[in-house]
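*Asks:* Sequence isn't available, so here's the structure alone:
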Ligand SMILES: Nc1ncnc2c1ncn2[C@@H]1O[C@H](COP(=O)(O)OP(=O)(O)OP(=O)(O)O)[C@@H](O)[C@H]1O
Ligand SMILES: Cc1ncsc1CCO
Ligand SMILES: [Mg+2]
(Lines give C-alpha, C1' and ligand atoms only; values in the text may rest on other atoms or scores of the structure.)
(Ligands and ions follow the chains in the order given, each with its own letter.)
Protein backbone atom coordinates (compact mmCIF):
# COMPACT_ATOMS: atom_id res chain seq x y z
CA UNK A 1 0.00 0.00 0.00
CA UNK A 2 1.15 3.50 -0.77
CA UNK A 3 0.30 5.30 2.45
CA UNK A 4 2.98 6.05 5.00
CA UNK A 5 1.52 8.68 7.28
CA UNK A 6 4.02 10.26 9.63
CA UNK A 7 3.19 10.12 13.35
CA UNK A 8 3.23 13.89 13.88
CA UNK A 9 0.10 16.04 13.53
CA UNK A 10 -0.46 17.37 10.03
CA UNK A 11 1.32 20.62 9.29
CA UNK A 12 2.70 21.07 12.79
CA UNK A 13 5.53 19.41 14.65
CA UNK A 14 6.60 17.49 11.54
CA UNK A 15 7.52 20.95 10.33
CA UNK A 16 5.85 21.75 7.07
CA UNK A 17 3.94 18.57 6.35
CA UNK A 18 2.24 18.17 2.98
CA UNK A 19 0.62 14.92 3.97
CA UNK A 20 -2.89 15.83 2.85
CA UNK A 21 -4.96 13.14 1.25
CA UNK A 22 -5.57 15.28 -1.84
CA UNK A 23 -1.89 16.04 -2.40
CA UNK A 24 -0.92 12.41 -2.02
CA UNK A 25 -3.68 11.19 -4.32
CA UNK A 26 -2.67 13.70 -6.99
CA UNK A 27 0.91 12.48 -6.85
CA UNK A 28 -0.08 8.80 -6.89
CA UNK A 29 -2.33 9.39 -9.91
CA UNK A 30 0.46 11.20 -11.77
CA UNK A 31 2.94 8.40 -10.98
CA UNK A 32 0.51 5.70 -12.12
CA UNK A 33 -0.24 7.69 -15.29
CA UNK A 34 3.48 8.00 -16.06
CA UNK A 35 3.93 4.23 -15.73
CA UNK A 36 0.94 3.51 -17.97
CA UNK A 37 1.76 6.20 -20.56
CA UNK A 38 5.28 4.86 -21.07
CA UNK A 39 3.85 1.47 -22.07
CA UNK A 40 1.09 2.98 -24.21
CA UNK A 41 3.20 5.59 -26.04
CA UNK A 42 6.59 3.81 -26.16
CA UNK A 43 8.59 7.06 -26.03
CA UNK A 44 12.12 7.19 -27.39
CA UNK A 45 14.63 8.52 -24.88
CA UNK A 46 18.10 8.69 -26.40
CA UNK A 47 21.21 8.53 -24.24
CA UNK A 48 24.71 9.84 -24.09
CA UNK A 49 25.88 7.55 -21.33
CA UNK A 50 28.83 5.66 -19.96
CA UNK A 51 30.36 2.59 -21.55
CA UNK A 52 30.16 0.52 -18.34
CA UNK A 53 26.39 0.30 -18.00
CA UNK A 54 25.08 1.25 -21.43
CA UNK A 55 23.44 -2.13 -22.02
CA UNK A 56 21.71 -2.12 -18.62
CA UNK A 57 20.37 1.39 -19.32
CA UNK A 58 18.91 0.35 -22.68
CA UNK A 59 17.37 -2.86 -21.31
CA UNK A 60 15.78 -1.06 -18.36
CA UNK A 61 14.32 1.58 -20.70
CA UNK A 62 12.86 -1.16 -22.90
CA UNK A 63 11.52 -3.08 -19.89
CA UNK A 64 9.34 -0.11 -18.82
CA UNK A 65 8.00 0.37 -22.34
CA UNK A 66 10.37 2.97 -23.78
CA UNK A 67 12.70 2.90 -26.73
CA UNK A 68 16.49 3.36 -26.41
CA UNK A 69 19.21 4.85 -28.65
CA UNK A 70 22.79 5.39 -27.51
CA UNK A 71 25.04 7.91 -29.29
CA UNK A 72 28.43 9.58 -28.93
CA UNK A 73 28.92 11.98 -31.84
CA UNK A 74 27.69 15.61 -31.79
CA UNK A 75 25.51 15.46 -34.91
CA UNK A 76 23.96 12.15 -33.89
CA UNK A 77 23.26 13.43 -30.38
CA UNK A 78 21.49 16.47 -31.86
CA UNK A 79 19.45 14.15 -34.08
CA UNK A 80 18.28 11.91 -31.24
CA UNK A 81 17.62 14.94 -29.02
CA UNK A 82 15.28 16.29 -31.70
CA UNK A 83 13.67 12.92 -32.39
CA UNK A 84 13.24 11.80 -28.78
CA UNK A 85 10.67 12.68 -26.17
CA UNK A 86 13.51 13.17 -23.67
CA UNK A 87 17.27 12.65 -23.49
CA UNK A 88 19.51 11.07 -20.85
CA UNK A 89 23.00 12.46 -20.26
CA UNK A 90 25.36 10.52 -17.98
CA UNK A 91 29.00 11.63 -17.76
CA UNK A 92 30.32 8.37 -16.28
CA UNK A 93 33.06 7.61 -18.80
CA UNK A 94 34.01 10.72 -20.74
CA UNK A 95 35.74 10.61 -24.11
CA UNK A 96 37.29 13.63 -25.89
CA UNK A 97 34.36 13.83 -28.32
CA UNK A 98 32.05 14.68 -25.41
CA UNK A 99 33.69 18.10 -25.21
CA UNK A 100 31.74 18.86 -28.41
CA UNK A 101 28.73 16.57 -27.99
CA UNK A 102 27.55 17.50 -24.50
CA UNK A 103 27.49 21.34 -24.74
CA UNK A 104 25.85 21.20 -28.18
CA UNK A 105 23.11 18.82 -27.15
CA UNK A 106 22.27 20.47 -23.82
CA UNK A 107 21.96 23.83 -25.59
CA UNK A 108 19.67 22.32 -28.22
CA UNK A 109 17.50 20.57 -25.64
CA UNK A 110 17.11 23.80 -23.70
CA UNK A 111 16.22 25.76 -26.83
CA UNK A 112 13.66 23.11 -27.82
CA UNK A 113 12.20 23.04 -24.29
CA UNK A 114 12.70 19.26 -24.39
CA UNK A 115 13.18 17.44 -21.05
CA UNK A 116 16.54 15.91 -20.28
CA UNK A 117 17.90 13.96 -17.35
CA UNK A 118 21.39 14.50 -15.94
CA UNK A 119 23.42 11.96 -13.96
CA UNK A 120 26.58 13.76 -12.79
CA UNK A 121 28.51 10.54 -12.19
CA UNK A 122 31.84 10.90 -10.38
CA UNK A 123 31.64 14.70 -10.48
CA UNK A 124 34.95 16.28 -9.54
CA UNK A 125 37.42 13.69 -10.82
CA UNK A 126 38.77 15.52 -13.87
CA UNK A 127 38.95 18.82 -15.71
CA UNK A 128 36.66 17.92 -18.63
CA UNK A 129 34.00 16.48 -16.31
CA UNK A 130 34.05 19.65 -14.20
CA UNK A 131 33.94 21.91 -17.26
CA UNK A 132 31.00 20.03 -18.84
CA UNK A 133 28.97 19.88 -15.63
CA UNK A 134 29.64 23.54 -14.81
CA UNK A 135 28.54 24.53 -18.31
CA UNK A 136 25.17 22.78 -17.94
CA UNK A 137 23.89 25.15 -15.26
CA UNK A 138 21.98 27.49 -17.65
CA UNK A 139 20.49 24.61 -19.65
CA UNK A 140 18.44 23.27 -16.73
CA UNK A 141 17.86 19.51 -16.82
CA UNK A 142 14.24 18.54 -16.09
CA UNK A 143 15.55 15.85 -13.74
CA UNK A 144 18.87 15.56 -11.95
CA UNK A 145 19.50 12.05 -10.67
CA UNK A 146 22.50 11.05 -8.64
CA UNK A 147 23.73 9.51 -5.47
CA UNK A 148 23.96 11.75 -2.40
CA UNK A 149 27.61 12.73 -2.83
CA UNK A 150 27.08 13.65 -6.49
CA UNK A 151 24.06 15.81 -5.69
CA UNK A 152 25.96 17.70 -2.97
CA UNK A 153 28.92 18.21 -5.31
CA UNK A 154 26.77 19.43 -8.21
CA UNK A 155 25.05 22.00 -5.98
CA UNK A 156 28.55 23.05 -4.86
CA UNK A 157 29.78 23.39 -8.44
CA UNK A 158 26.74 25.46 -9.36
CA UNK A 159 27.14 27.68 -6.27
CA UNK A 160 23.80 26.66 -4.73
CA UNK A 161 22.70 26.15 -1.11
CA UNK A 162 23.55 22.80 0.44
CA UNK A 163 26.38 22.19 -1.96
CA UNK A 164 30.01 21.49 -1.12
CA UNK A 165 33.06 21.22 -3.31
CA UNK A 166 34.45 18.57 -0.99
CA UNK A 167 31.46 16.19 -0.81
CA UNK A 168 32.14 12.49 -0.33
CA UNK A 169 32.36 11.61 -4.04
CA UNK A 170 34.74 8.66 -4.17
CA UNK A 171 34.86 7.51 -7.77
CA UNK A 172 31.29 6.60 -8.72
CA UNK A 173 30.07 5.61 -5.24
CA UNK A 174 28.48 7.78 -2.54
CA UNK A 175 29.84 8.25 0.95
CA UNK A 176 27.23 10.80 2.05
CA UNK A 177 23.72 9.95 3.32
CA UNK A 178 20.61 10.83 1.32
CA UNK A 179 19.44 13.07 4.17
CA UNK A 180 22.70 15.04 4.01
CA UNK A 181 21.92 15.83 0.35
CA UNK A 182 18.40 17.16 1.01
CA UNK A 183 19.24 20.88 1.01
CA UNK A 184 21.37 20.50 -2.12
CA UNK A 185 18.59 18.60 -3.87
CA UNK A 186 16.02 21.25 -2.98
CA UNK A 187 18.32 24.07 -4.17
CA UNK A 188 19.04 22.28 -7.45
CA UNK A 189 15.31 21.71 -8.07
CA UNK A 190 14.54 25.36 -7.37
CA UNK A 191 17.27 26.40 -9.80
CA UNK A 192 16.09 24.15 -12.64
CA UNK A 193 12.34 24.32 -11.95
CA UNK A 194 12.40 20.54 -12.39
CA UNK A 195 12.97 17.60 -10.07
CA UNK A 196 15.93 16.03 -8.30
CA UNK A 197 16.15 12.36 -7.30
CA UNK A 198 18.77 11.33 -4.74
CA UNK A 199 19.37 7.58 -4.56
CA UNK A 200 20.44 5.50 -1.59
CA UNK A 201 18.85 3.22 1.02
CA UNK A 202 15.79 5.49 1.10
CA UNK A 203 15.55 7.72 -1.97
CA UNK A 204 14.53 11.38 -1.89
CA UNK A 205 12.69 13.04 -4.78
CA UNK A 206 11.94 16.77 -4.69
CA UNK A 207 10.59 19.51 -6.93
CA UNK A 208 11.80 22.21 -4.51
CA UNK A 209 8.35 22.44 -2.91
CA UNK A 210 7.72 18.93 -1.59
CA UNK A 211 10.00 15.98 -0.94
CA UNK A 212 8.96 12.35 -1.27
CA UNK A 213 10.96 9.65 0.49
CA UNK A 214 10.55 6.44 -1.45
CA UNK A 215 11.10 3.13 0.34
CA UNK A 216 12.13 -0.32 -0.84
CA UNK A 217 14.94 -1.58 -3.00
CA UNK A 218 17.70 -3.86 -1.76
CA UNK A 219 21.31 -3.52 -0.59
CA UNK A 220 22.11 -5.79 -3.55
CA UNK A 221 21.39 -2.84 -5.85
CA UNK A 222 24.64 -1.27 -4.69
CA UNK A 223 26.48 -4.49 -5.62
CA UNK A 224 25.39 -4.32 -9.28
CA UNK A 225 26.87 -1.50 -11.35
CA UNK A 226 24.36 0.65 -13.15
CA UNK A 227 21.27 0.50 -10.96
CA UNK A 228 21.66 4.27 -10.62
CA UNK A 229 22.55 4.87 -14.29
CA UNK A 230 19.62 2.82 -15.53
CA UNK A 231 17.32 4.57 -13.04
CA UNK A 232 18.27 7.80 -14.84
CA UNK A 233 17.51 6.23 -18.22
CA UNK A 234 14.10 5.09 -17.01
CA UNK A 235 13.44 8.56 -15.55
CA UNK A 236 14.08 9.93 -19.06
CA UNK A 237 11.49 7.52 -20.52
CA UNK A 238 8.95 8.75 -17.97
CA UNK A 239 9.99 12.40 -18.47
CA UNK A 240 8.93 12.05 -22.10
CA UNK A 241 5.34 11.42 -20.99
CA UNK A 242 5.03 13.11 -17.56
CA UNK A 243 6.03 16.18 -15.58
CA UNK A 244 9.51 15.99 -14.02
CA UNK A 245 8.48 15.30 -10.41
CA UNK A 246 6.02 12.54 -11.34
CA UNK A 247 8.54 11.07 -13.77
CA UNK A 248 11.37 11.09 -11.22
CA UNK A 249 9.18 9.59 -8.49
CA UNK A 250 7.76 6.97 -10.88
CA UNK A 251 11.25 5.82 -11.84
CA UNK A 252 12.42 5.81 -8.22
CA UNK A 253 9.36 3.91 -6.98
CA UNK A 254 9.62 1.43 -9.86
CA UNK A 255 13.22 0.74 -8.87
CA UNK A 256 12.38 0.33 -5.22
CA UNK A 257 9.55 -2.07 -5.99
CA UNK A 258 11.40 -4.09 -8.63
CA UNK A 259 14.51 -4.19 -6.44
CA UNK A 260 12.56 -5.62 -3.52
CA UNK A 261 10.91 -8.22 -5.74
CA UNK A 262 14.20 -9.22 -7.40
CA UNK A 263 15.98 -9.62 -4.07
CA UNK A 264 13.40 -12.23 -3.04
CA UNK A 265 14.40 -14.41 -6.00
CA UNK A 266 18.11 -13.74 -6.52
CA UNK A 267 20.85 -16.07 -5.31
CA UNK A 268 23.45 -13.32 -5.68
CA UNK A 269 24.20 -10.10 -7.51
CA UNK A 270 24.45 -11.71 -10.98
CA UNK A 271 21.00 -13.24 -10.98
CA UNK A 272 19.71 -10.15 -9.16
CA UNK A 273 20.20 -8.11 -12.34
CA UNK A 274 18.24 -10.63 -14.40
CA UNK A 275 15.37 -10.84 -11.89
CA UNK A 276 15.41 -7.06 -11.59
CA UNK A 277 14.83 -6.54 -15.34
CA UNK A 278 12.05 -9.16 -15.22
CA UNK A 279 10.43 -7.33 -12.30
CA UNK A 280 10.64 -3.95 -14.07
CA UNK A 281 9.06 -5.51 -17.15
CA UNK A 282 6.09 -6.74 -15.10
CA UNK A 283 5.30 -3.53 -13.17
CA UNK A 284 1.98 -1.76 -13.68
CA UNK A 285 1.43 1.97 -13.18
CA UNK A 286 -0.81 1.28 -10.19
CA UNK A 287 1.79 -0.97 -8.56
CA UNK A 288 4.47 1.72 -9.00
CA UNK A 289 2.16 4.35 -7.47
CA UNK A 290 1.40 2.07 -4.51
CA UNK A 291 5.07 1.68 -3.53
CA UNK A 292 5.37 3.35 -0.09
CA UNK A 293 6.54 6.95 0.17
CA UNK A 294 6.41 9.71 2.78
CA UNK A 295 5.70 13.27 1.78
CA UNK A 296 6.73 16.59 3.32
CA UNK A 297 6.89 20.22 2.33
CA UNK A 298 10.41 21.59 2.08
N1 LIG B 1 21.09 -0.05 0.69
C2 LIG B 1 20.12 0.05 -0.23
N3 LIG B 1 18.88 -0.37 0.05
C4 LIG B 1 17.89 -0.27 -0.84
N5 LIG B 1 18.05 0.25 -2.09
C6 LIG B 1 19.26 0.69 -2.44
C7 LIG B 1 20.36 0.64 -1.55
N8 LIG B 1 21.45 1.17 -2.17
C9 LIG B 1 21.05 1.54 -3.38
N10 LIG B 1 19.72 1.27 -3.56
C11 LIG B 1 18.92 1.53 -4.77
O12 LIG B 1 19.76 1.33 -5.89
C13 LIG B 1 19.46 2.24 -6.93
C14 LIG B 1 20.73 2.95 -7.34
O15 LIG B 1 21.16 3.78 -6.30
P16 LIG B 1 22.68 4.07 -5.98
O17 LIG B 1 22.69 5.13 -4.93
O18 LIG B 1 23.40 2.80 -5.70
O19 LIG B 1 23.10 4.68 -7.37
P20 LIG B 1 24.52 4.97 -7.98
O21 LIG B 1 25.54 5.01 -6.88
O22 LIG B 1 24.41 6.15 -8.85
O23 LIG B 1 24.70 3.64 -8.87
P24 LIG B 1 25.55 3.43 -10.24
O25 LIG B 1 26.47 4.61 -10.36
O26 LIG B 1 26.24 2.11 -10.03
O27 LIG B 1 24.60 3.35 -11.35
C28 LIG B 1 18.36 3.13 -6.40
O29 LIG B 1 17.13 2.63 -6.87
C30 LIG B 1 18.44 2.95 -4.88
O31 LIG B 1 17.20 3.09 -4.26
C1 LIG C 1 31.82 1.86 -12.55
C2 LIG C 1 31.68 3.06 -13.40
N3 LIG C 1 32.76 3.80 -13.77
C4 LIG C 1 32.47 4.84 -14.54
S5 LIG C 1 30.79 4.97 -14.85
C6 LIG C 1 30.48 3.57 -13.94
C7 LIG C 1 29.12 3.03 -13.78
C8 LIG C 1 28.48 3.38 -12.48
O9 LIG C 1 28.26 4.72 -12.31
MG1 LIG D 1 25.89 6.53 -10.32
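*Replies:* Perfect, I can see it now. Here the structure is a predicted model, which is why all the values come from computation and not from measurement. Ligands and ions are numbered 1, 2, ... in the order given.
*Asks:* all contacts plus neighbour counts: C-alpha atoms, from now on.
*Replies:* Fine.
*Asks:* so what does the helix or strand where residue 211 lies touch, helix or strand wise?
*Replies:* Assessed by DSSP states H and E, residue 211 sits inside strand 210-214. Where contact means 3 or more CA pairs under 8 Å, 6 or more residues apart in numbering; DSSP states H and E, strand 210-214 is packed against strand 203-206, helix 244-265, strand 293-297.
*Asks:* quick check: angle from the second one to strand 293-297?
*Replies:* Between the axes of helix 244-265 and strand 293-297, defined by axes from the mean of the first three to the mean of the last three CA atoms, to 10 degrees, the angle is 150 degrees.
*Asks:* where's helix 244-265 relative to the chain centroid, distance-wise?
*Replies:* Offset of helix 244-265 from its chain centre (CA atoms, centre = their mean, to the nearest Å): 11 Å.
*Asks:* check whether that helix contacts ligand 1.
*Replies:* Yes - Helix 244-265 reaches ligand 1 (CA under 6 Å from any ligand atom) through 252, 255, 256.
*Asks:* ok so, going back, if we compare the helices and strands packed on strand 210-214, which one ends up closest to residue 167?
*Replies:* Proximity to residue 167 (CA to CA) singles out strand 203-206 among the helices and strands packed on strand 210-214, at 17.6 Å.
*Asks:* tell me the average confidence for that closest one?
*Replies:* For strand 203-206, mean pLDDT is 98.
*Asks:* Kindly report the same for stretch 237-257.
*Replies:* 99.
*Asks:* same deal with stretch 60-74?
*Replies:* Rounded mean pLDDT across stretch 60-74 is 98.
*Asks:* Return the residues of this structure in contact with ligand 2.
*Replies:* 50, 52, 53, 92, 93, 121, 172, 225, 226.
*Asks:* Enumerate the residues of the stretch 51-200 of the chain near ligand 1.
*Replies:* 146, 147, 172, 173, 174, 199, 200.
*Asks:* Bridge partners for the second one, pull those for me.
*Replies:* By that I understand residue 147. Per DSSP bridges, the residues bridged to residue 147 are residue 199.
*Asks:* In this structure it contacts residue 199, no?
*Replies:* Yes - taking CA atoms under 8 Å as the definition, residue 147 is a contact partner of residue 199 at 4.8 Å.
*Asks:* SS state for the closest residue to ligand 2 within the stretch 51-200 of the chain?
*Replies:* Nearest residue of the stretch 51-200 of the chain to ligand 2, counting by CA to the nearest ligand atom: residue 92, 3.7 Å away. Assigned with DSSP: H, G, I helix; E, B strand; the rest coil, residue 92 falls in the coil class.
*Asks:* Would you enumerate the residues in contact with it?
*Replies:* By CA atoms under 8 Å, 6 or more residues apart in numbering, the contact set of residue 92 is 49, 50, 51, 120, 121, 122, 172.
*Asks:* repeat that with 10 Å
*Replies:* 48-53, 119-123, 129, 171-172, 229 (CA atoms under 10 Å, 6 or more residues apart in numbering).
*Asks:* In CSV: the residues of the stretch 51-200 of the chain next to ligand 1, plus neighbour count and pLDDT.
*Replies:* Listed next are those as CSV, based on neighbours: other CA atoms under 10 Å; pLDDT from 0 to 100:
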residue, neighbour count, pLDDT
146, 29, 97
147, 26, 95
172, 17, 81
173, 17, 80
174, 20, 82
199, 25, 98
200, 23, 97
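*Asks:* Now residue 134: phi and psi?
*Replies:* For residue 134, the backbone dihedrals (degrees, to the nearest 10) come out as phi -60, psi -40.
*Asks:* Isn't it up against residue 102?
*Replies:* No - applying CA atoms under 10 Å as the test, residue 134 and residue 102 come out as separate, 11.6 Å apart.
*Asks:* So for these two, which residue has more residues nearby?
*Replies:* Between residue 134 and residue 102, residue 102 has the larger neighbour count (other CA atoms under 10 Å), namely 24 against 14.
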